[in-house]
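> Here's my sequence, what's the structure:
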Amino acid sequence: MKIGIISDSHTKVKKARKAVNMLLENGVDFFIHAGDIVEPQTLDILESSGKKYIAVYGNNDAHLAEYHNRYHLVQEPYYFKLANTKFKLMHLPFYMSSDAEVIIFGHTHKFETEFVEGSLFLNPGEVCARNKPTSECVLLEVLDDEFIVEYYTQTKGEKSYTLKDTFSFTRQK
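Numbering: from 1, shown residues only. Coordinates of the predicted model:
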């Protein structure tokens, strides 16, 4: 299963749309937004993608509570199963224990991927390009025996996203 992961879109709806479209072109089956959505239009983009998705509230998303029943919004930490894999989703990196196979977080605006004690810790970076002139997102492929993380970036002035790096981690079952 291919999962498109974005975070920290803030007010940059066009940048979120571009990331979602690129991930769709790369065959994602499911989307995850790791918080600081800020604009309901970003949720509209996920909703209209034709794919299932989940989005966690970030520290700048309290005003989105009025949309809670309209979109697939959850509070952190949120545990769920997808592709026979236990996930933990949060925005703030406060619940960083290895109690799921995949731990997804945002907030820091920095791409991170690390495999510790059988758990993949993953922050897709920032879509909004606020802290640097680069939008970031991740395509996570969940296979029976491994996780493949593709890290995509689009620097200001570039017309499209490019694959910056690929990481592979052997699952411990």
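
> Now do the helices for the chain: every range, in order, please.
13-25, 40-47 (DSSP state H).

> Adding mean neighbour count and distance to Gly125, write these out as a markdown table.
Every C-beta, even on glycine, is put in place using the N, C-alpha and C of the backbone. What follows is those, written out as a markdown table (neighbours: other CB atoms under 10 Å; distance: least, CB to CB, whole Å):
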| stretch | mean neighbour count | distance to Gly125 |
| --- | --- | --- |
| helix 13-25 | 19 | 10 |
| helix 40-47 | 20 | 16 |
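
> Between these, which one is closest to Thr155.
Distance to Thr155, taken as CB to CB, is lowest for helix 13-25 among those, at 12.1 Å.

> circling back: quick one: closest of the helices of the chain to Ala129.
helix 13-25 (6.4 Å).

> what's the angle between that closest one and helix 40-47?
10 degrees (axes from the mean of the first three to the mean of the last three CA atoms, to 10 degrees).

> still on that earlier bit, how about TSV for the helices of the chain, with mean pLDDT and distance to Phe31 added?
Shown next, in TSV, are the helices of the chain (pLDDT from 0 to 100; distance: least, CB to CB, whole Å):
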stretch	mean pLDDT	distance to Phe31
helix 13-25	98	7
helix 40-47	98	5
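
> Out of the ones you listed, which is closest to Ile6?
Closest approach to Ile6 among the helices of the chain is made by helix 13-25 (5.2 Å; CB to CB).

> What lies in contact with the closest one?
Residues from elsewhere that reach helix 13-25, judged by CB atoms under 8 Å, 6 or more residues apart in numbering: 4, 6, 9, 31, 39, 41-42, 45-46, 49, 51, 127-129, 135, 137, 139, 152, 154, 160-161.

> just the buried members of those?
For those, a neighbour count by 16 or more other CB atoms under 10 Å gives the buried set as 4, 6, 9, 31, 39, 42, 45-46, 49, 51, 127-129, 135, 137, 139, 152, 154, 161.

> For the residue nearest to Asp145 when sequence neighbours are not counted, grab the count of nearby residues.
In this structure, Asp145 finds its nearest non-sequential neighbour in Arg171, 5.7 Å apart by CB to CB, 6 or more residues apart in numbering. Residues within reach of Arg171, counting by other CB atoms under 10 Å, total 16.

> Show me which parts of stretch 105-117 are buried, residue by residue.
Buried-residue list, stretch 105-117, by 16+ other CB under 10 Å: 105-107, 109, 111, 113, 115.

> in the sheet, who's paired with the nearest residue to Phe115 once chain neighbours are set aside?
Nearest residue to Phe115, sequence neighbours excluded (CB to CB, 6+ apart): Phe169, at 4.2 Å. Note on Phe169: beta-bridge partners by DSSP bridges are Phe147.
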